[in-house]
Structures are given as structure tokens and as C-alpha cells.
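In: give me a model of this one.
(one chain, ligands or ions: 1)
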Amino acid sequence: MSRPLRELLHAMRHTGCALQQPGLTKGQALDELEAKALSWHRGKHATDRAEGFHRLTEGRLQIAHVRSWPAIKDLSRSFPRLIAERRFHCLDNMVLLCPEAHDLYDGTGMFSTGLMQTAARLTWAHPGARGPLLQYLHATVEARSGHQTENTNLLMAAEYLRHDHSTDVQLIVRAFEARCRIAMEAVERGDHTKVHRGDVAVFRMPRWAPQ
Ligand SMILES: [Zn+2]
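Out: Modelled structure (predicted):
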């Protein structure tokens, strides 16, 4: 995982455990065990808040993946490994969970993938996500030190900002597209010096025939 992606998730801590997002269960068909675990989980966080432990809870949040690495590898088996890596670290595959929710999801599978997908989606729509997403977008376009380009996440962050936060990101996306075009034209001339280090793997990727 790139440093800016880690920083983005760190900056999202104040939005809390993803399984607490309001509207999480709307339209979800929960089985009895899942509903019971979710209710216990809500109670745990309510107690934390009542006792003034919510800051402590923020510090304990863990980065979790909606779909596991083996599941993503299987979904991406027709494509080069880089695609699987990008899908694994894609914004809609990442959530912040308290250790208890993380254990219940990864360890027992008590929470469904569908529930976790909704939790991830709602996290990026949270009003508190706007600032961190904008910061991440700027860092990506400006190719700050240590930053992999992560085109998938760049477009996803731009789309969340446009759709959920009414933020005009056209200028930022155009700047990124211009950078890609310049790099592509240079590669066609045989000049690889214009390729950002984060894009090297993409430009070297062999052509493959989708199955
Ligand atoms: Zn939690």
C-alpha cells in the first residue's frame, strides 16, 4: 500500500468504524446471526461514546479489506497481477474497522461482504471524507514523493468528490490526463524519462488477451 493511501485512511479515522455508518442496513437482508452481531457491535460503540472512549476507539481502528487477497486474485485471474493489486487496494475495497468488527468479519465471516461493501461506500460519502479525498487527489496529480499513481483510486476519489460532495474536480482530473498524455507520447517516441515511477509497471505491462 502506498504511503498517501495509508495517509488517506489515517485521515479518515475521525469518521469512525465503518460498521457504524448511518443507513448501513437500509435495503440489506441480514440473517439472524448477522443482525445479532451488528446489534452487539452498535451497543459496544454506544458504550464507548457514553464513557468518553470514542477518541481511544479512533486510535484502535484498523485498515480492513472488503474482499480478501485470495478472493481478489481469483476475480482478477485473467489479468496481470498488477490489476489484482490495484483492485485489492482500491478505495471501495478498503474500510476502517474497530478490532472487534475486523475479527468478526475476517475471523468468523459473521458480517457479509455485501454489508461491508455498503459500509465502504457510505464511508466515502461521509461529509468528513471530503477533505482527506481532496488532499489525496492533489497528492496524486502532483506525483508527490513516494506516491504511486494509482489511476483507479484517483478516478474513484474524483467520482466520490463529484457525486457525494458536490466538488468540481474537472481541473484536477484534466491535469492528470495531460500528464498521462505527455508520458504516453514520450513513450511512443522511445523516451521513457517522462514516465512517472508509479506508472512504470503500467507502461511495461505486456498486452494480454482477455479470456
Ligand atoms: Zn466497530
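In: extract the C-alpha set from stretch 7-15 and format it as PDB.
Out: C-alpha atoms of stretch 7-15 as PDB (Å, rounded to 0.1, in the frame of the first residue of the first chain):
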ATOM      1  CA  GLU A   7      -2.200   8.700   5.000                       C
ATOM      2  CA  LEU A   8      -5.700   9.000   3.400                       C
ATOM      3  CA  LEU A   9      -7.100   6.200   5.500                       C
ATOM      4  CA  HIS A  10      -5.400   7.600   8.600                       C
ATOM      5  CA  ALA A  11      -7.100  11.000   7.900                       C
ATOM      6  CA  MET A  12     -10.400   9.100   7.700                       C
ATOM      7  CA  ARG A  13     -10.200   7.900  11.300                       C
ATOM      8  CA  HIS A  14     -12.500  10.700  12.600                       C
ATOM      9  CA  THR A  15     -15.300   9.100  10.500                       C
END
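In: contacting residues around residue 95?
Out: 18, 63-66, 116, 119-120, 123 (CB atoms under 8 Å, 6 or more residues apart in numbering). C-beta here means a position set from N, CA and C on the backbone, and glycine is covered the same way.
In: can we see that at 7 Å?
Out: Contacts for residue 95 were tallied using CB atoms under 7 Å, 6 or more residues apart in numbering; they are 18, 64, 66, 116, 119-120, 123.
In: and it, helix, strand or coil?
Out: strand (DSSP: H, G, I helix; E, B strand; the rest coil).
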